[in-house]
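J.: structure for the following, please:
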Amino acid sequence: MFFGSYDHQLDNKNRLVIPSKFLSGLSEKLYILKGFDGCLAIYPEESFKALVSKLEAKDFNLSKERENIRLALSSVFCLEIDKVNRVVIPTTLAKKYHISQSVKVVGVIDHFEVWSIDKWEDYSSKAEEHYEDNAEKSHHE
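T.: Next up is the predicted model:
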């Protein structure tokens, strides 16, 4: 399980050191793809397989579901963890999602996310305003 948030720096080759708390149980292969709200999502192999299963269950005949499947899977890159626990964030994804040197790495149960610091600060400050209301609404559903 991934949780917590960590400030990290990418080096000049877009390498990210995986937070040490996230390393236990990771295989050498990870999958990175478009996340939600402007981040990149990194999944270990087991969680990625579960995500693909959810996408397979969608109805490809429905345009919104087809769009979701295409956008998610067309953005996937396979990553390998090197000997010093780093992965290379693909340049095309880093540019597209404005990931620069300073990043926030956020654990989200079955995966972790990489955010530009600015995007994370903007997102989290807006989300803070609705935290209790959202928790209460989901509790009553």
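J.: tell me the contacts of Leu55?
T.: Leu55 makes contacts with 68-69, 72-73, as judged by Cβ atoms under 8 Å, 6 or more residues apart in numbering. C-beta: built from backbone N, CA, C; applies to glycine.
J.: looks to me like Ser100 is in a strand.
T.: No. Checked against DSSP: H, G, I helix; E, B strand; the rest coil, Ser100 lies outside a strand; its state is coil.
J.: quick one on the thing from earlier: what about the contacts of Leu55, which are in strands?
T.: Within the contacts of Leu55, no residue falls in strands by DSSP state E.
J.: which of the residues you listed are buried?
T.: 69, 72 (16 or more other Cβ atoms under 10 Å).
J.: which of the contacts of Leu55 sits closest to Leu16?
T.: Set against Leu16, the nearest of these by Cβ to Cβ is Ala72 (20.6 Å).
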